[in-house]
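Chemist: structure, please.
(4 chains)
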2 protein chains.
Amino acid sequence: MGRKRLPESADSRPTVHTVAARAGVSIASASRVLNGVGGSEETIRKVRAAAAEVGYVPNAIARSLQSQRTGLVALAVEDIGNPVYVSMMRAIEAVVAASGRQLLVHATGGQIANETALLRRLANRYVDGMILSPIRVTDDHLAALVQSPVPVVVIGQLGADAPVDNVRTDSRRGVALAVDHLVASGRRRIGFVNGPLDTVPGAARDAGFRAALAAHAVPLDERLVEVGDFQYAAGRAATERLLARARPDALVCANDLIAVGALHALLAAGHRVPEDVAVIGMDDTELAQMMFPQLSSVSLGSAERGRRAAELLLQRIADPALPPRREQVSPSLVVRASSRAAVTTPRPPTEEVPS
Amino acid sequence: MGRKRLPESADSRPTVHTVAARAGVSIASASRVLNGVGGSEETIRKVRAAAAEVGYVPNAIARSLQSQRTGLVALAVEDIGNPVYVSMMRAIEAVVAASGRQLLVHATGGQIANETALLRRLANRYVDGMILSPIRVTDDHLAALVQSPVPVVVIGQLGADAPVDNVRTDSRRGVALAVDHLVASGRRRIGFVNGPLDTVPGAARDAGFRAALAAHAVPLDERLVEVGDFQYAAGRAATERLLARARPDALVCANDLIAVGALHALLAAGHRVPEDVAVIGMDDTELAQMMFPQLSSVSLGSAERGRRAAELLLQRIADPALPPRREQVSPSLVVRASSRAAVTTPRPPTEEVPS
DNA sequence: CAGACTCCCGGAAACGTTTACAGGAAACAG
DNA sequence: CTGTTTCCTGTAAACGTTTCCGGGAGTCTG
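Modeler: A predicted model of the protein is given here:
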């Protein structure tokens, strides 16, 4: 009956001690009842009643400190406005929820400092694990990754020897699929609107584009290549710059947001899509289907990558000693209206650039 | 020198005890040095060295248990694929980050159980506060809200007497703005594609639409009203159903996703926008500008609502005793190409359904 | 040189849980 | 009636941190 603690001050929230005292049992018994393990009829009744009376709600932090797990998993992406991450997130969420955990999302805004800070904070045990999809990877990044106290799975390219679970795709090959299709449809003045070259995907897609053209022996006109951000406005602006100096008959875009921007720029300038210019996006997001005409797009299997990453993560949480694994999802091309062959259109090439 | 603990087993992660032992100081000194408060030259050097050697990384959970705060704030929304939440999130993020905290997002999928479970879990101290934007509000919801151990701010309509911080808009008036504009442009067969009527926004917008038509003495043709989900595919399907039985000259849509679906359905059916049918969306998301033609949309100030909600939350975290507050953001109409007056177009109605 | 003051340090108590362990009562078998 | 088993309970330790408090050493002041 040693009343060591009496945290009954009016304003502080009730703890298991409060409940135990009120029910006239020990905190051990109270805890057992509240967790539904053990306890006699009588004890259960008393504890339940006491808990209800004081409005007890357990402190998850304290529980986590004891149990060494939080039941939370985080996904960190660069730009939550990019629909590719939406489908990725949905796939991850499904897997994570099935394991009884909850998924949290964090947008890093692509700032490196932000991302490593996130790793340092969240990963310091606020979450049981995390999935990271960085677009730039620095040595700091890698250091933070291997330092991380909780399991981390990376979606995207990573140094070949990085000892980190990793799900990737082959975006070089993805770009090649688009180019192959365009060449086969008779397009020859194929342009490319890319994201920043100092990002991992930007660099890979640039390389892929050049290699694919070379493979078809189509000469590359540098005026047909333009770079911006991986976003709508930047894609539109980049396309406008490109159109001001060159006349493509097809545009490959490094993601769907850019492709939508390109589409908009083309239509605003009076070009017909796909009759005058074919457009192919990348990521095959919902956005591609929402456009008119619907956008062809290279699927990089974002949902699949998310699903696999989540599975890798759960496995590693279950057994942290697993060796680092690497999985690859292959790209595929989804052809829609925006890249149908130009020859099928019976319309004469009347309209010229108005503005 | 009582060596009470020696958690030096090879696999477990180093704690402050490990560092202290290695540095030959007490855990108190180690903690002080690691937090940058106090410590002599010598101690600082030794502790820093020891920490680096063992790769010490603090356990945030333990720290939170002690400090009673986590530095995390959560935002829970229904559908993370809806761009309205993206702008909301960005605004919240800015405020929250400025206070040195980190924002986490959770998508509830609109399931009530999910949402209350979330409140019960996350709010049980994993986060310092949370912003919730529910589209359905039940008594369970309200109960969970007032029970919540951490501050919660709700974005959206809530019962008038709910003792919960709340930022709302007047979506009835928002719909009225759209209708006013359409009527003023000479449209008379104004249709409405809404979301589910059992949601708070769905009900409000329905009421607003009916009231606005009545105010202009425009008779309401029930065949011009259709209901689906607040999503693209549903909006498109709903519009197709509507078009199969009626011939509107304008469509008001309950959000931008629906409006994009409507636009797509209209164009696919060979209607010109805005010449034949004007379209107005709602939320004024990025999507509205990404369409061609660009969509008129009723801004409900999502960024502003997010910003204000974040501020309310931070204030309440600082002082939980504050009385419940309620703020309102007024809607405004952003007119773009999709609802320009039909008469201004000089182009003859040549183009027909391209398929 | 004594006393006051400053600075740094270590012990120990928190934060709120869960759980290993041991003790005690009741039920049961011999 | 005794010994074993079963069930329930309470004590206390643990999770890893921060921080209050008292003590000791050094420095300054009078």
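Chemist: apart from its chain neighbours, what residue comes closest to residue A:258?
Modeler: Leaving aside its sequence neighbours, residue A:258 sits nearest to residue A:235 (C-beta to C-beta, 6 or more residues apart in numbering or on different chains; 3.2 Å). In short, each C-beta sits where N, CA and C put it, glycine included.
Chemist: and the helix or strand hosting that neighbour, what's buried?
Modeler: Assigned by DSSP states H and E, residue A:235 belongs to helix A:232-245. Of the residues in helix A:232-245, A:232, A:233, A:234, A:235, A:236, A:237, A:238, A:239, A:240, A:242, A:243 count as buried by neighbour count, 16 or more other C-beta atoms under 10 Å in any protein chain shown.
Chemist: same check, this time on stretch A:38-46
Modeler: A:39, A:43, A:44, A:46.
Chemist: averaged pLDDT, it. What do you get?
Modeler: Averaging pLDDT along stretch A:38-46 gives 91.
Chemist: near DNA strand D, anything from it?
Modeler: Yes: contact between stretch A:38-46 and DNA strand D, assessed by C-beta under 7 Å from any atom of the strand, occurs at A:38, A:39, A:40, A:42, A:43.
Chemist: now the second one. Its backbone dihedrals?
Modeler: Just to be clear, that refers to residue A:39. Dihedral pair for residue A:39: phi 110, psi 140, per degrees, to the nearest 10.
Chemist: any idea how far residue B:126 is from residue A:58?
Modeler: 12 Å (C-beta to C-beta, to the nearest Å).
Chemist: so for those two, which residue has more residues nearby?
Modeler: Per other C-beta atoms under 10 Å in any protein chain shown, whichever of residue A:58 and residue B:126 has more neighbours is residue B:126, with 26 against 19.
Chemist: how close does that one sit to chain A?
Modeler: Computed as C-beta to the nearest C-beta, to the nearest Å, the residue B:126 to chain A distance reads 5 Å.
Chemist: does that residue touch residue A:72 like I think?
Modeler: Yes: shown here, residue B:126 and residue A:72 form a contact pair, counting by C-beta atoms under 8 Å, at 6.8 Å.
Chemist: overlap in contacts, those two.
Modeler: Counting by C-beta atoms under 8 Å, 6 or more residues apart in numbering or on different chains, the contacts common to residue B:126 and residue A:72 are residue A:126.
Chemist: wait, a strand at residue A:132?
Modeler: Yes: using DSSP: H, G, I helix; E, B strand; the rest coil, the assignment for residue A:132 is a strand.
Chemist: circling back: closest one of the buried residues of helix A:232-245 to chain B?
Modeler: Distance to chain B across the buried residues of helix A:232-245 (C-beta to the nearest C-beta) is lowest for residue A:232, with 5.6 Å.
Chemist: which stretches in the stretch 251-355 of chain A count as helices?
Modeler: For the stretch 251-355 of chain A, the helices defined by DSSP state H, counting those that start in this stretch occupy A:256-268, A:286-290, A:302-318.
Chemist: residue B:111 is nearest to which of those helices?
Modeler: helix A:302-318 (19.6 Å; C-beta to C-beta).
Chemist: mind saving the C-alpha coords of the closest one as CSV?
Modeler: Extracted in CSV, the C-alpha atoms of helix A:302-318 (Å, rounded to 0.1, in the frame of the first residue of the first chain):
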residue,chain,number,x,y,z
SER,A,302,5.6,3.0,-59.5
ALA,A,303,2.9,1.0,-57.7
GLU,A,304,4.9,-2.2,-58.1
ARG,A,305,8.0,-0.5,-56.9
GLY,A,306,6.2,0.8,-53.9
ARG,A,307,4.7,-2.6,-53.1
ARG,A,308,8.1,-4.3,-53.3
ALA,A,309,9.8,-1.7,-51.2
ALA,A,310,7.2,-2.1,-48.5
GLU,A,311,7.7,-5.8,-48.5
LEU,A,312,11.4,-5.5,-48.3
LEU,A,313,11.0,-3.1,-45.4
LEU,A,314,8.7,-5.4,-43.5
GLN,A,315,11.0,-8.3,-44.0
ARG,A,316,13.9,-6.3,-42.7
ILE,A,317,12.0,-5.1,-39.7
ALA,A,318,11.3,-8.7,-38.9
